[in-house]
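Engineer: Sequence unavailable; structure follows:
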């Protein structure tokens with residue numbers, strides 16, 4: 001009925017969330033993180049997660065939009081560059097990346113944000129964390145406009161989301177790239193192949209019974225990567241195994257691992273869900289950095305995805321990384337928004353964090369204006385990679401007799 005008031009109710013238990021399945025599936029988007037079973041799997045296995053917190057905006061009992069969050073206990077890390085300098089422990093209502101179902105217009109966004117603020121007033125959490133919201137979205141506008149100034153924080157650091165639509169063939173994808181990019185990929189790939197030849201092997205993992213081999217080999221690489229030094233990227237724990245096994249069982253998960261002399265040296269993986277392939281954080285062995293093995297496996301993955309009828313969009317996610325800028329056809333600006341509880345702790349943490357974020361943003365802008373931002377990042381990453389290499393055990397050939405392995409058709413498929 002026109003003029004009916006929009007109401008927001010909250011599902012806080014697994015049973016209440018499961019009762020939403022019909023409406024949830026009707027509004028489902030193309031993000032695997034917003035799949036109901038995937039959401040519950042992560043909520044049940046993530047050590048930081050306590051319970052679901054799903055907001056349903058409905059009119060006359062009919063859901064119009066759903067916002068996925070979960071109650072977490074987290075460290076609100078704040079960094080200067082790559083160095084963590086402040087990390088208070090907080091109870092957070094963390095909104096799931098891609099966790100908006102249905103049409104969230106101005107009215108829906110306002111109602112959802114107001115309910116999140118009400119949860120803070122009820123002392124359900126200390127902060128609402130909304131990461132990587134599109135800056136042009138109504139939810140971002142509501143989150144940055146409705147809470148009072150002293151209880152909200154938004155980051156000013158540039159953050160872009162990158163994706164591209166995949167053509168039907170890898171040749172067509174290659175033609176869409178700049179000549180400089182194509183030649184750079186080909187030059188490093190050919191050099192790698194000339195040096196190692198048939199000692200190179202690429203294995204694709206898609207079956208649940210392969211998870212132990214996959215995790216063993218990926219961990220061998222990840223333990224030596226610069227990402228591990230930052231505490232991000234792949235880690236072999238209960239939560240990662242649970243959601244990977246679920247994705248394997250549903251036929252979503254894809255992983256490619258590159259080997260030299262049976263030694264894993266790079267990997268790339270992700271989930272193909274409703275036409276969108278979500279690329280996860282990759283990894284490579286710093287001993288092979290000169291050969292750009294990360295880009296080698298990346299281009300092989302893209303070749304396979306171009307031939308996959310279940311994939312139309314390659315989702316690179318967030319971050320201003322060179323390969324994303326070169327390969328993605330489109331991007332948009334995103335931002336993090338935090339809304340704090342109206343308490344002394346909330347105001348204090350917001351004040352400290354806002355100061356540090358402002359300083360960090362100013363330093364980043366200065367580095368960019370001087371043209372040294374890229375070099376600074378590379379220096380830090382090499383330092384983390386060197387530290388991880390020194391701490392990790394030397395990798396040993398696995399000798400697994402990989403009957404499902406496929407030797408890449410190098411040359412045109414790989415690069416730097």
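Structural biologist: That came through, no problem. None of the values given here were measured: they were computed from a predicted structure. Residues are numbered from 1 along each chain as shown.

Engineer: count of residues packed around residue 319?
Structural biologist: With neighbours defined by other CB atoms under 10 Å, the count for residue 319 comes to 12. In short, each C-beta sits where N, CA and C put it, glycine included.

Engineer: Surely it is in contact with residue 281?
Structural biologist: No - counting by CB atoms under 8 Å, residue 319 does not reach residue 281; the two are 9.3 Å apart.

Engineer: The residue nearest to residue 53 when sequence neighbours are not counted in helix, strand or coil?
Structural biologist: The shortest distance from residue 53 to any residue other than its chain neighbours is 4.4 Å, reached at residue 69 (CB to CB, 6 or more residues apart in numbering). Assigned by DSSP: H, G, I helix; E, B strand; the rest coil, the conformation of residue 69 is strand.

Engineer: Would you map the helices across the stretch 151-300 of the chain?
Structural biologist: 170-176, 179-196, 211-222, 226-230, 238-250, 293-306 (DSSP state H, counting those that start in this stretch).

Engineer: ranking those by mean pLDDT, which is last?
Structural biologist: Comparing mean pLDDT over the helices of the stretch 151-300 of the chain, the weakest stretch is helix 226-230, at a mean of 67.

Engineer: now stretch 182-190: how far from the chain's centre is it?
Structural biologist: Stretch 182-190 sits 27 Å away from the centroid of its parent chain (CA atoms, centre = their mean, to the nearest Å).

Engineer: Next: stretch 19-35.
Structural biologist: For stretch 19-35, the distance to the chain centre is 19 Å (CA atoms, centre = their mean).

Engineer: mind checking the end-to-end distance for that stretch?
Structural biologist: Stretch 19-35 has its terminal residues 14 Å apart, counting by CA to CA, to the nearest Å.

Engineer: ditto for stretch 309-328
Structural biologist: 20 Å.

Engineer: Residue 25 is nearest to which of the helices of the stretch 151-300 of the chain?
Structural biologist: Nearest to residue 25, of all those, is helix 238-250, at 14.0 Å by CB to CB.

Engineer: Skip the chain neighbours and tell me the closest residue to residue 114.
Structural biologist: Closest residue to residue 114 apart from its sequence neighbours, by CB to CB, 6+ apart: residue 146 at 6.7 Å.

Engineer: Any chance of the backbone angles for the one you found?
Structural biologist: For residue 146, the backbone dihedrals (degrees, to the nearest 10) come out as phi -90, psi -40.

Engineer: Now do the same contact list for it.
Structural biologist: Applying CB atoms under 8 Å, 6 or more residues apart in numbering to residue 146 gives the contacts 110, 113-114, 117.

Engineer: before we move on, back to that, show the contacting residues for the residue nearest to residue 53.
Structural biologist: Residue 69 touches 53-55, 93-96, 99, 116, 128, counting by CB under 8 Å, 6+ apart.

Engineer: For those residues, name the two members farthest from one another.
Structural biologist: Across the contacts of residue 69 (CB to CB), the longest gap, 14.0 Å, separates 54 and 128.

Engineer: quick one on the thing from earlier: quick one: pLDDT of the residue nearest to residue 53?
Structural biologist: At residue 69, pLDDT is 98.

Engineer: Return the most buried member of the helices of the stretch 151-300 of the chain.
Structural biologist: Sort the helices of the stretch 151-300 of the chain by mean neighbour count, taking mean count of other CB atoms under 10 Å, and helix 293-306 sits at the top with a mean of 24.

Engineer: Just the ones of the contacts of residue 69 in strands?
Structural biologist: Secondary structure defined by DSSP state E assigns 53-55, 93-96, 99, 128 of the contacts of residue 69 to strands.

Engineer: among the helices and strands of this protein, which has the poorest mean pLDDT?
Structural biologist: Across the helices and strands of the chain, mean pLDDT, DSSP states H and E gives its lowest value to helix 373-391, namely a mean of 56.

Engineer: re the thing from before, adding distance to residue 193, write the contacts of residue 69 out as a markdown table.
Structural biologist: As requested, the contacts of residue 69 are arranged in a markdown table below (distance: CB to CB, whole Å):
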| residue | distance to residue 193 |
| --- | --- |
| 53 | 50 |
| 54 | 50 |
| 55 | 52 |
| 93 | 50 |
| 94 | 44 |
| 95 | 45 |
| 96 | 41 |
| 99 | 42 |
| 116 | 53 |
| 128 | 50 |
